[in-house]
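Undergrad: sequence and computational prediction follow.
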Amino acid sequence: MRESPARAEPHDATAWLPLPDFAELPPLDRLLVPDPEAAPAGPREVPVGLPSPARAEPHDATAWLPLPELEELPSVDTLLVPDPAVEPATPREVPVGLPSPARAEPHDATAWLPLPEFDPVPAANGDSSEPPRRGHRVGRRFYFPARALVTGLAIVGTIAGAYVGVTTLLDKGADVNVRVDGRVIRAETGAATVGALLTEKNVTLGDYDRTVPDVNTPIENEMTVQVLRAVPVPVDFDGTATVVHTTHDRSARFLEDATAQLSPGASLGVRDASKEIDETTTVFVRTRKTGVLIVDGEFIEYDAPALTVAELLEEYDVKLDDADVTRPIGVTDVLPTEMPDGSEVSIAVDRVLNETEDIIEPYSLPDQRLPDENLDVTAPERVVPGKAGTQTVTYLLIHENGVVTERKPVNAVPIDPAIPTVTYYGTKYDQRWDKIAQCETGTNWEHQGSGNGGRNTYQGGLGIWFGNWDAYKDDGWPKDANEATKYQQVIVAERIKDDHGWGAWGCAKTLGYAKEDGRRIN
């Protein structure tokens, strides 16, 4: 007894039933009119011990192998030359709930599926020695070649597979926009993350490029992905010329890139941190130094990004006269990280030939404006008053022929530090404005709009008509919406909505917001 491939273990869900090679099948005319000289085909050899792809896992004794819908298959009469006198075959009735012999339990790898009993087929002229012609009626039976049936089933399987494949291709997933290298790629994707999407679209990121949002962010429908290319910025790092690749133009974020590329883990700083970073201007990056600066009788504990003593003095706005000197290190000498004996670096400034004068004076700090994420964008600004302070100002008195000819401040040390007045403005707003901005301009808050007699029509991220901008903006705000901040644009949009409803924006109608305010939609 040989093993049945229908009882094979383990289960392989990806395997298909073996199909014949169509190139080896005989033509249809040979199947209909067999060659009498051809030897009858021998029995098909079934491989022994090989796993059957029909074997299901887990075992279900009531499950049947899937069968095609017989009503959808062409009749045998249509495939061959139909005999009008032959009645169409009735559909095969599949028993429901009865165990399939292919799912027998317990498992018996040597058992074979039962085969039907074939009745003797009489010859067309009553002579049983001559086989009937294939595809013709004999008595009440119809003789149909097995190979033709296999071929028909293969065609049906191919059509079904093609249908599933086409429907899968028609729906690839989320719709996204990719802004890269000055162009916008509109794509439909099934990618799971931003990184996978870029790989799918053959967008390559350099070592220092980044994306907004991050490459690990899950893909969402109608998402916009920006690819920011890093640029090489010339850098003077502690006196050595090099470059730092960055996507940032502000010192704080640029310093993160510089630290990672120049000296990971070190404490670095940028001189003149207020300057905008670009690839045309050298940025001076320094290792931060600590110690004590002694000047005009004051002890200043310093922590500054400085290479030389001159840079340290400039950081603390200490001015030297031509005759003044520093010790124990000269003005132009490189500032060490620590003294040879391990003590802190102390720098003393000696005033020579000229007189200094210390005066306690009041002073104040410039007012500041800061965002408050808990304050609504339309709410009045919150002001926290500051206060004036006092400081000791050191003046250098320049003598000429015994007469003071010039008196200039050279140092200032706070006694009672001043506190600036801070005005907080709200940044909390209705997040639906972000959806409208995405629909109107692709979230481009600097959108200049289209021309209209020298002035652009629909401006800013929310596409605000310039006439409405003029009517609803506050005094002192920029002339055009695209030059205003995002929050100023949202404030004007809220005022327009209060008067005209969401219907003032076509995108609000598209997104369904216009139905919520109960106003008539134009």
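TA: That came through fine. Numbering: from 1, shown residues only.
Undergrad: where exactly do the helices run in this structure?
TA: If DSSP state H is used as the criterion, the helices of the chain fall at 28-32, 76-79, 146-170, 194-200, 251-262, 309-315, 432-441, 466-472, 486-500, 506-511.
Undergrad: mean pLDDT for these: which is lowest?
TA: Note on those: lowest mean pLDDT is at helix 146-170, with a mean of 49.
Undergrad: tell me where the stretch 101-250 of the chain has strands.
TA: Ranges of strands in the stretch 101-250 of the chain, per DSSP state E, counting those that start in this stretch, are 137-138, 141-142, 174-180, 183-189, 210-212, 223-228, 231-237, 240-246.
Undergrad: who wins for proximity to F284 among these?
TA: F284 lies closest, by C-beta to C-beta, to one member of the strands of the stretch 101-250 of the chain: strand 231-237, at 4.9 Å. In short, each C-beta sits where N, CA and C put it, glycine included.
Undergrad: not counting its neighbours along the chain, what's nearest E440?
TA: Leaving aside its sequence neighbours, E440 sits nearest to G463 (C-beta to C-beta, 6 or more residues apart in numbering; 4.1 Å).
Undergrad: so what's the residue count around I398?
TA: Residues near I398, counting by other C-beta atoms under 10 Å, number 15.
Undergrad: partners of it in the sheet?
TA: For I398, the beta-bridge partners under DSSP bridges are E406.
Undergrad: ok, it touching R407?
TA: Yes: assessed by C-beta atoms under 8 Å, I398 is found in contact with R407 at 7.4 Å.
Undergrad: now do the buried residues in stretch 497-515.
TA: Neighbour-count burial for stretch 497-515, counted by 16 or more other C-beta atoms under 10 Å, picks out K497, G501, W502, G503, A504, W505, C507, A508, L511, Y513, A514.
Undergrad: again but with stretch 247-254, I slipped
TA: For stretch 247-254, the neighbour count (16+ other C-beta under 10 Å) marks T247, H248, S251, F254 as buried.
Undergrad: okay, those residues in CSV with distance to A192 next?
TA: Converted to CSV, these look like this (distance: C-beta to C-beta, whole Å):
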residue, distance to A192
T247, 24
H248, 28
S251, 36
F254, 32
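Undergrad: biggest separation within these, which pair?
TA: Longest distance between any two of the buried residues of stretch 247-254 is 13.9 Å, between T247 and S251; criterion C-beta to C-beta.
Undergrad: ok, now which ones touch the nearest residue to R432 once chain neighbours are set aside?
TA: Nearest non-adjacent residue to R432, counting by C-beta to C-beta, 6+ apart: Y513, 5.9 Å away. Contacts for Y513 (C-beta atoms under 8 Å, 6 or more residues apart in numbering) come out as R432, I436, W502, W505.
Undergrad: can you pull the contacts of the last one?
TA: Put plainly, it is W505. So W505 contacts I436, E440, L462, G463, Y513, A514 (C-beta under 8 Å, 6+ apart).
Undergrad: what's the spacing between it and N354?
TA: As for W505, its distance to N354 is 69 Å (criterion: C-beta to C-beta, to the nearest Å).
Undergrad: and for H447?
TA: Note on H447: its distance to N354, by C-beta to C-beta, is 59 Å.
Undergrad: so which of those two has more stuff around it?
TA: H447 (21 against 16).
Undergrad: I'd assumed G460 was in contact with that one.
TA: Yes: under the criterion of C-beta under 8 Å, H447 is in contact with G460, at a separation of 5.9 Å.
Undergrad: intersection of neighbour lists for the two?
TA: Shared contacts of H447 and G460, defined by C-beta under 8 Å, 6+ apart, are found at T441, N482.
Undergrad: and which of the contacts of W505 is nearest P478?
TA: L462 (14.7 Å).
Undergrad: now do that closest one, the pLDDT please.
TA: So L462 comes in at 93 (pLDDT).
Undergrad: can you check T485 too?
TA: pLDDT, T485: 93.
Undergrad: can you check H248 too?
TA: pLDDT, H248: 90.
Undergrad: tell me how far E338 lies from E301.
TA: E338 is 15 Å from E301, by C-beta to C-beta.
Undergrad: again, but for A241
TA: From A241 over to E301 (counting by C-beta to C-beta), the distance is 32 Å.
Undergrad: got the phi and psi for T217?
TA: In terms of degrees, to the nearest 10, the main-chain angles of T217 are phi -70, psi 130.
Undergrad: isn't G269 right up against R286?
TA: Yes: counting by C-beta under 8 Å, G269 does reach R286; the two are 5.7 Å apart.
Undergrad: mean confidence score for stretch 330-346?
TA: The predicted model assigns stretch 330-346 a mean pLDDT of 78.
Undergrad: can I get that stretch in PDB, CA atoms only?
TA: Output of stretch 330-346 as PDB, limited to C-alpha atoms (Å, rounded to 0.1, in the frame of the first residue of the first chain):
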ATOM      1  CA  GLY A 330      47.900  86.900  26.300                       C
ATOM      2  CA  VAL A 331      44.900  88.400  24.500                       C
ATOM      3  CA  THR A 332      45.500  86.600  21.200                       C
ATOM      4  CA  ASP A 333      46.600  83.300  22.800                       C
ATOM      5  CA  VAL A 334      44.500  80.100  22.600                       C
ATOM      6  CA  LEU A 335      42.400  79.700  25.800                       C
ATOM      7  CA  PRO A 336      43.200  76.300  27.400                       C
ATOM      8  CA  THR A 337      40.500  74.000  28.600                       C
ATOM      9  CA  GLU A 338      42.200  73.800  32.000                       C
ATOM     10  CA  MET A 339      45.400  75.100  33.600                       C
ATOM     11  CA  PRO A 340      48.400  72.700  33.700                       C
ATOM     12  CA  ASP A 341      47.900  72.200  37.500                       C
ATOM     13  CA  GLY A 342      44.300  71.200  36.900                       C
ATOM     14  CA  SER A 343      42.800  74.400  38.400                       C
ATOM     15  CA  GLU A 344      40.200  76.500  36.600                       C
ATOM     16  CA  VAL A 345      41.400  78.900  33.900                       C
ATOM     17  CA  SER A 346      41.600  82.400  35.500                       C
END
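Undergrad: buried residues in that stretch, which are they?
TA: Neighbour counts over stretch 330-346 (16+ other C-beta under 10 Å) mark V331, L335, V345 as buried.
Undergrad: ok, stretch 474-493 next?
TA: Applying 16+ other C-beta under 10 Å to stretch 474-493 flags 477, 480-482, 484, 486-493 as buried.
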